[in-house]
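In: Below are the sequence and a predicted model; questions follow.
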Amino acid sequence: MSTLTRPRLAGGADVLTGRAMVVLADRPVVPMSPHLVEAARECALSERRLQIVTPVGSRVTSALRTHMIEGRAEWIVRADGGYYAGLSGRPSHWDGQAFVPVPDAMDYARPYKLKSSASQGLQVTLVLRAKHPANGPLGGPVEHLMRLFTSEAPAGWGRAEPVEHLWDPTSLGVFVRGDASSPITVVGGGERAAIAVLDFSSTDDGGGGGAGGGGGRSELTTLTIGYGPGEVPPLAQLPNMVGTVGGVHPLQSVLVHVCAGRADLTVEPRWAGAPGVVGMALNGARTGPAEIPGSQVGPQHSPMTWFALGDGRAPEGWQRYQQLLTHLRAA
């Protein structure tokens, strides 16, 4: 459409309306670049939607996908003379203000259903929550997990890709306490691809204080590790791994799921299969429903309870997950 060929506007947008900031990204791999970080910040302040438009042959990085899943950006793919949502395959169209779903679409966009020509492995994702005390160290859980999965510490961290800082938990903590609103990308240092997005927010306890203060911090981290075709992720060791990390760091919960994908953790705009849940760990001694017994992992002084939910393939695992949540909320 002709409106998507305008010169770049204020904020780095190719199109800027009252509802959306549209950015064209015509490149093979689209990262969470400094430009997109700034665009996402401006959209949050102006209550616009950040919509990133790419050709059908483009991929996005794991970090950018996490930002999309968490609602900070949308992926719009240009193909077959139209558009569709890159993560869901739902056909979209431009309504004059923003890309919106085609209301009467009865099927996924055709390119979304095409099988990838690239070799597919597995991507293991851990979504963890932690609660850090005032002035406590930050970055410990993701470093510990990356060491367990890749045998190496993280290589670096930053607000954007490529990350601009070598890995240093001290400098990370100083930055977070000065700018708690900025999600952090952490990249692994080993041969196996590992990328995490860390999101911190201030808590009311642990010394108080807002952004820039010395109060406690809540952490929401999404860590993804890539495995090539034929490689077997250490799913059987997950309970012990999570228990080990929980014995050292203030974890609240960890949810683990698996999906098919590229070992380099880039994401194509096509269906790769639904993720399958593996298990969930919660801090402390917990009791689940009779059908989902928990097992204690980690040291006695700081135990976690692991609930096995599935093998990462069967869809029934998500039903067990919902059953567990319903039980825990009623307890």
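Out: Yep, that arrived. Residues are numbered from 1 along each chain as shown.
In: tell me, what residue is most central in this structure?
Out: residue 66 (3.2 Å; Cα atoms, centre = their mean).
In: which residues touch residue 91?
Out: Shown in contact with residue 91 (Cβ atoms under 8 Å, 6 or more residues apart in numbering): 82, 83, 84, 101, 102, 105, 108, 109. Glycine gets a C-beta too; all of them are placed from N, C-alpha and C.
In: ok, and the second one, which helix or strand is that part of?
Out: The reference is to residue 83. strand 82-85 (DSSP states H and E).
In: what about the helix or strand just after that strand, distance to the chain center?
Out: Counting by DSSP H and E, the next helix or strand C-terminal to strand 82-85 is strand 91-94. Between the centre of strand 91-94 and the centre of its chain there are 25 Å (Cα atoms, centre = their mean, to the nearest Å).
In: any idea where the helices of this protein begin and end?
Out: 34-46, 62-69, 140-150, 169-178, 238-246, 316-330 (DSSP state H).
In: elements contacting the longest one?
Out: Right, the one you point to is helix 316-330. Helix 316-330 sits against strand 276-283, with contacts defined as 3 or more Cβ pairs under 8 Å, 6 or more residues apart in numbering; DSSP states H and E.
In: Could you dump the contacts of residue 91 into JSON lines and include pLDDT and neighbour count?
Out: Below are the contacts of residue 91 laid out as JSON lines (pLDDT from 0 to 100; neighbours: other Cβ atoms under 10 Å):
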{"residue": "82", "pLDDT": "96", "neighbour count": "16"}
{"residue": "83", "pLDDT": "98", "neighbour count": "22"}
{"residue": "84", "pLDDT": "98", "neighbour count": "28"}
{"residue": "101", "pLDDT": "97", "neighbour count": "13"}
{"residue": "102", "pLDDT": "96", "neighbour count": "14"}
{"residue": "105", "pLDDT": "91", "neighbour count": "14"}
{"residue": "108", "pLDDT": "97", "neighbour count": "16"}
{"residue": "109", "pLDDT": "97", "neighbour count": "25"}
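In: hang on, the earlier thing: list the helices and strands the strand holding residue 83 packs on?
Out: Partner elements for strand 82-85 (3+ Cβ pairs under 8 Å, 6+ apart): strand 74-79, strand 91-94.
In: so where's the protein uncertain?
Out: 1-11, 180, 204-214 (pLDDT under 70).
In: how about the residue nearest to residue 54 when sequence neighbours are not counted, phi and psi?
Out: The shortest distance from residue 54 to any non-neighbouring residue, by Cβ to Cβ, 6 or more residues apart in numbering, is to residue 25 (5.0 Å). Main-chain dihedrals, residue 25, degrees, to the nearest 10: phi -130, psi 90.
In: got the contact list for the strand holding residue 83?
Out: For strand 82-85, contacts defined as Cβ under 8 Å, 6+ apart pick out 53, 74-77, 90-94, 99, 101, 108-109, 111-112, 269.
In: and what of stretch 259-267?
Out: By Cβ under 8 Å, 6+ apart, stretch 259-267 touches 29, 59-62, 65, 86-87, 118-123, 125, 193-195, 224, 226-229, 231, 268, 272-276.
In: Narrow those to those in strands?
Out: 29, 59-60, 121-123, 125, 194-195, 224, 226-227, 276 (DSSP state E).
In: most neighbours, which of these?
Out: residue 195 (27 neighbours; other Cβ atoms under 10 Å).
In: What residues are bridge-paired with that residue?
Out: Residue 195 has these beta-bridge partners by DSSP bridges: residue 187, residue 224.
In: picking that back up, so the residue nearest to the centre of the chain sits against residue 220, correct?
Out: No - contact criterion Cβ atoms under 8 Å: residue 66 and residue 220 do not qualify, at 10.3 Å.
In: on that earlier part again, of all the contacts of residue 91, which comes closest to residue 315?
Out: When the contacts of residue 91 are compared for distance to residue 315 (Cβ to Cβ), residue 108 wins out at 18.1 Å.
In: Please name the spatially closest residue to the closest one (chain neighbours excluded).
Out: residue 89 (3.7 Å).
In: So the one you found sits against residue 109, correct?
Out: Yes - Residue 89 is in contact with residue 109 according to Cβ under 8 Å; the separation is 5.4 Å.
In: Nearest approach to residue 299 belongs to which of the helices of the chain?
Out: Smallest distance to residue 299 across the helices of the chain (Cβ to Cβ): 7.7 Å, for helix 238-246.
In: what's in contact with that closest one?
Out: Residues from elsewhere that reach helix 238-246 (Cβ under 8 Å, 6+ apart): 141, 144-145, 148-149, 234, 251, 254, 256, 278-279, 281, 283, 295, 297-299, 302-304, 306, 308.
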